[in-house]
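# Just the structure for this:
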Amino acid sequence: MKRTWITAAAVLAVVGVGGALHYGHASPTAAFLVTGAALGGLAWVIGTATESVGARFGPAATGVLQSTLGNLPELFIVVFSLRAGQVVVAQTSILGSLFANALLVLGLAIVAGSRSATDGVMRFRHRLPNDTATLLLLSLFAIALLGLSDRVGDRASRHQVAISVVGAICLLFVYVVWLWGYLRAEQHVEPALEEPTHSVIPFRMALAALALAGVAAAFVSDWFVSAIDPAIAALGVSKAFTGIVIVGIAGNAVENVVGITLAAKGKADLAVSIVKNSVAQIACFLFPALVLLSLFFEQRLTFVLNPVYIGALAVMAVAVWQITGDGEALAYEGWALVALYVILATVTFYE
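Numbering: from 1, shown residues only. You can find the predicted model right below:
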């Protein structure tokens, strides 16, 4: 517990440095890098506090809660990006979170989980991976349909916002129905898990940490977005690479650290629950919710994406389902997911 508080203090120090750089009008590149690191640290604080709060509710609920609150940094980044008119950053940040969780984090978790297993096979319940595949395909259908419509320039392409709104409502409805059934069903199988979730810090302190980290994440996200344009000009990277790789990794520190660590400890079901719940939430809750929220901004967020990313999403959905759908995964399959992410990141770098 002492190590937890030391790490939390270090995160607050990084947040303070980020604020000083922002309000002191220091180098945009320095502000961009420090606030990006601060976002990752705050995601870790949120994840640790959520694990302690969720210890009262069981592994399934903990996975959902950790994924929901762990996505706070991405939510704030997208909202502030839309407010600043940075639609590309907003859209690619969502995609970056999806790709980072479904390919990089899940892949590394499978590698860690396979190595911790005596026979080299990571085993977990297959319902959540299959459910996530269904939700991903539903989201992909809306994205691909609008993307094709935009490319061919048919009559429907003139109503992208309206179609995106209808699609967002449908996705949110299906997600809520799925989540309700999933949590009720998991209540009956949780006792079979290898080990219950343990509280890292006291319950009330965890609630206070969540509140503080949530407020800090809002401020840091604003500082991060304001530094994007001058920073990427100085660094020579594109907005797409910033959103898909930099934000995708920094904003998903919860899944990066917690999911891989749990897998390495042999807690395969909980590790998969955290990572897969995050994937499902981003695709069918966060993305559509932000589409609806963008109606209050001048710049609207839609499901229309670059064909390159539509293709990447399609391959991702199939690969994740094929590898995890049977409830078993080997180390090379985890490395295959990581390889897909590296190839995508390389393409994005040259976009």
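# which residues of the stretch 1-150 of the chain fall in helices?
For the stretch 1-150 of the chain, applying DSSP state H, counting those that start in this stretch gives helices covering 2-23, 28-54, 59-70, 72-83, 87-99, 106-116, 127-152.
# Now render those as JSON lines, adding mean neighbour count.
(Glycine included, C-beta is placed from N, CA and C.) Formatted as JSON lines, the helices of the stretch 1-150 of the chain follow (neighbours: other Cβ atoms under 10 Å):
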{"stretch": "helix 2-23", "mean neighbour count": "15"}
{"stretch": "helix 28-54", "mean neighbour count": "24"}
{"stretch": "helix 59-70", "mean neighbour count": "24"}
{"stretch": "helix 72-83", "mean neighbour count": "24"}
{"stretch": "helix 87-99", "mean neighbour count": "26"}
{"stretch": "helix 106-116", "mean neighbour count": "25"}
{"stretch": "helix 127-152", "mean neighbour count": "19"}
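# Need the ones you listed in JSON lines (columns: mean pLDDT).
Output for those, formatted as JSON lines (pLDDT from 0 to 100):
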{"stretch": "helix 2-23", "mean pLDDT": "83"}
{"stretch": "helix 28-54", "mean pLDDT": "78"}
{"stretch": "helix 59-70", "mean pLDDT": "68"}
{"stretch": "helix 72-83", "mean pLDDT": "82"}
{"stretch": "helix 87-99", "mean pLDDT": "88"}
{"stretch": "helix 106-116", "mean pLDDT": "93"}
{"stretch": "helix 127-152", "mean pLDDT": "89"}
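# Need those in JSON lines (columns: distance to residue 214).
Below are the helices of the stretch 1-150 of the chain laid out as JSON lines (distance: least, Cβ to Cβ, whole Å):
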{"stretch": "helix 2-23", "distance to residue 214": "13"}
{"stretch": "helix 28-54", "distance to residue 214": "7"}
{"stretch": "helix 59-70", "distance to residue 214": "8"}
{"stretch": "helix 72-83", "distance to residue 214": "6"}
{"stretch": "helix 87-99", "distance to residue 214": "17"}
{"stretch": "helix 106-116", "distance to residue 214": "25"}
{"stretch": "helix 127-152", "distance to residue 214": "25"}
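# Find the centremost residue of this structure, please.
residue 97 (3.8 Å; Cα atoms, centre = their mean).
# so what's the backbone phi/psi at the residue lying farthest from the centre of the chain?
The outermost residue of the chain, judged against the average C-alpha position, is residue 155 (33.8 Å), by Cα atoms, centre = their mean. When read as degrees, to the nearest 10, the backbone of residue 155 gives phi -60, psi -30.
# Nothing else from me, thank you.
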